[in-house]
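S.K.: Provide a 3D model corresponding to the input given below.
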Amino acid sequence: MRRTRKAKVVATLGPASADPQMIEALFDAGADVFRLNFSHGVQADHAERVKTIREIEHRRGRPIAILLDLQGPKLRIGTFADGPVMLTAHSTFRLDLDETTPGSVERVALPHPEIFAALTPGADLLLDDGRIRLKVVSCNATSAVTEVVNGGPLSNRKGVNVPGVVLPLSALTEKDHADLAFGLTLEIDWIALSFVQQARDIEEIKAIVGNRASIVAKLEKPSAIHSLASIVEVADAIMVARGDLGVELPAEQVPSIQKRIVRECRRAGKPVIVATQMLESMVNAPVPTRAEASDVATAIYDGADAVMLSAESAAGAYPIEAVKMMDSIIRHTEADPYYLQSIAASHTAPRAEAADAIGLAVREIVDVLNVPATVAYTKSGYSALRLARERPAAAIVGLTPVAATSRKLSLVWGVHAVLSHEVTNVLEMSALACETVKKEGFGQKGDLIVISAGVPFAVSGTTNLLKISTIE
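M.R.: Numbering: from 1, shown residues only. Prediction:
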């Protein structure tokens, strides 16, 4: 089974997409990766969905990636004595650590000492997804006096954002540690780390995970944008999490930051997912707005590896239609002659290493010989990733003897992952590559294909071989 597009679709599972029939229908509609949002649901429910996905994968003969999205720190105010209060502009409002005294129109608890440790006069605090803005007038280790800049109603447990401030806290909470340990027992392929502020947040989780899964850094803090290059360097993939990013930054800055992140990931050869509110209106409607369709297409024109559905597939009334729409937008965008021109125009110079040199050569051979498919024979996925960085016009068949690698590659632009047997020599590999391309419907007898691999075959990350073969 093959997709007729190169960018991938990530679909979040939730109440609207929990039963096995619906999950399989989403796969048939075009979902390549399923996201399990651990901010919601219980571990047993997520385990059942993993079991269902693996059964579908076995039955349909196509690798499917599973992305575990950790909740991360949730910063929230306390509760009020008499229900919601109305904050008015220019009034004074105090935040403190006193959780025993219910809040009022004059103050409320903020049970996060790490916030007070990082605040300085003049800093902004955003409450309730940015609807309320406070400016710090004075502060100490236990409280902050603020002036209300933008007022409005404020109720219990609303979220708090601190833009432009690096908070002295780990991106992994106690809950995250428990969810991470549980997810690793399920052999999850990708783990998304929320609230990433700097590269060491990724290094912290990698020290726990090792090589058992790959790490997606969710960029939703301005501080992460300031450390973009170093985060991209240590992460395995990046998610442009536009929800919180759009709260902490002016809305008009988010499009250019999205493009900057995608460019940086493409330069580094790291998969990048564009997420949040892509087809938001399809939570309640069977079709998206024209602006939403254009938003998805823009991410594809920029060369994103994947686009993601959140509430649209997890809790919406039209989950299958949302996946089908995402699939259709991608296919129509990639069919535009300008698409390949824009991808080629945004290409950046490769690194001075064998894998990138071979990837660049494969791209040029594809253009000169008009081959229908390339094959990356890989154990770790490295050969396929470096080839995908070049965005060749032909399909990339990611041929691997490792099931975990085949699943991981399901997120990567242009890669059609196929699980194979081990090979021992170049002739056997070449024959297997030709046979697979023909079997999977990418080529026919007499077609040329281009193969990249690493020799010796048992060593990961050693891409050093390029071969042109003819399908017999």
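
S.K.: what does the domain assignment say about this structure?
M.R.: 8-73+170-336, 85-161, 354-470 (automatic domain parsing).

S.K.: How far does stretch 316-328 sit from its chain's centre?
M.R.: Relative to its chain's centre, stretch 316-328 lies at 18 Å (Cα atoms, centre = their mean, to the nearest Å).

S.K.: before we move on, the earlier item: figure out which of the domains of the chain is closest to His347.
M.R.: With Cβ to Cβ as the criterion, His347 lies closest to domain 354-470 of these, at 6.9 Å. (C-beta placed from N, C-alpha, C; glycine too.)

S.K.: I'd like to know which of the domains of the chain lies nearest to Ser342.
M.R.: Ser342 lies closest to domain 8-73+170-336 among these, at 5.3 Å (Cβ to Cβ).

S.K.: What's the mean pLDDT across the closest one?
M.R.: The average pLDDT within domain 8-73+170-336 is 97.

S.K.: end-to-end on it?
M.R.: End-to-end span of domain 8-73+170-336 (Cα to Cα, to the nearest Å): 17 Å.

S.K.: same deal with stretch 163-176?
M.R.: End-to-end distance for stretch 163-176, by Cα to Cα: 23 Å.

S.K.: buried set for that stretch?
M.R.: Neighbour-count burial for stretch 163-176 flags 163, 165, 167, 169-173, 176 (criterion: 16 or more other Cβ atoms under 10 Å).

S.K.: who wins for proximity to Ser346 among the domains of the chain?
M.R.: Nearest of the domains of the chain to Ser346, taken as Cβ to Cβ: domain 8-73+170-336 at 6.2 Å.

S.K.: Show me what the helix or strand hosting Ile300 is packed against.
M.R.: Secondary structure from DSSP states H and E places Ile300 in helix 290-301. Helices and strands touching helix 290-301, by 3 or more Cβ pairs under 8 Å, 6 or more residues apart in numbering; DSSP states H and E, are strand 306-309, helix 319-334, helix 337-345.

S.K.: Any chance of the ones you listed in a markdown table with distance to Thr52 as columns?
M.R.: Listed next are the helices and strands packed on helix 290-301 as a markdown table, based on distance: least, Cβ to Cβ, whole Å:
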| stretch | distance to Thr52 |
| --- | --- |
| strand 306-309 | 18 |
| helix 319-334 | 15 |
| helix 337-345 | 34 |
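
S.K.: Could you identify which of those is most buried?
M.R.: Comparing the helices and strands packed on helix 290-301 by mean neighbour count (mean count of other Cβ atoms under 10 Å), strand 306-309 ranks first with a mean of 26.

S.K.: Return the list of helices and strands in contact with the helix or strand following it.
M.R.: With elements assigned by DSSP H and E, the helix or strand that comes after strand 306-309 is helix 311-314. Secondary-structure packing of helix 311-314 (3+ Cβ pairs under 8 Å, 6+ apart): strand 8-13, helix 319-334.

S.K.: what packs against the helix or strand harbouring Met22?
M.R.: Here Met22, judged by DSSP H and E, is contained in helix 20-29. Here helix 20-29 touches helix 43-60, helix 319-334, going by 3+ Cβ pairs under 8 Å, 6+ apart.

S.K.: if we can go back for a sec, closest one to Gly151 among the helices and strands packed on helix 311-314?
M.R.: strand 8-13 (33.5 Å).

S.K.: Tell me the strands beside the closest one, with direction?
M.R.: Using DSSP bridges, the strands paired with strand 8-13 are strand 33-37 (parallel), strand 306-309 (parallel).

S.K.: The ones you listed into JSON lines, with extra columns for distance to Met22?
M.R.: As requested, the strands paired with strand 8-13 are arranged in JSON lines below (distance: least, Cβ to Cβ, whole Å):
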{"stretch": "strand 33-37", "distance to Met22": "11"}
{"stretch": "strand 306-309", "distance to Met22": "13"}
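
S.K.: what about these, which gets the closest to Arg351?
M.R.: Arg351 lies closest to strand 306-309 among the strands paired with strand 8-13, at 23.1 Å (Cβ to Cβ).

S.K.: Identify the residues contacting that closest one?
M.R.: Here strand 306-309 makes contact (Cβ atoms under 8 Å, 6 or more residues apart in numbering) with 7-12, 32-33, 35, 239, 271-276, 278-279, 296, 299-300, 319, 322-323, 326, 330, 411, 413.

S.K.: quick one: the strands in the stretch 101-250 of the chain?
M.R.: Assigned by DSSP state E, counting those that start in this stretch, the stretch 101-250 of the chain shows strands spanning 107-109, 124-127, 132-139, 143-150, 152-154, 160-161, 190-193, 214-219, 237-241.

S.K.: Please name every helix or strand in contact with the third one.
M.R.: Going back to what we said before, that points to strand 132-139. Strand 132-139 sits against strand 92-96, strand 124-127, strand 143-150, with contacts defined as 3+ Cβ pairs under 8 Å, 6+ apart.

S.K.: could those strands be laid out in JSON lines, adding mean pLDDT?
M.R.: Formatted as JSON lines, these follow (pLDDT from 0 to 100):
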{"stretch": "strand 92-96", "mean pLDDT": "98"}
{"stretch": "strand 124-127", "mean pLDDT": "96"}
{"stretch": "strand 143-150", "mean pLDDT": "98"}
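
S.K.: Identify those among the buried residues of stretch 163-176 that sit within helices.
M.R.: Here DSSP state H is the test, and those give Asp176 as lying in helices.
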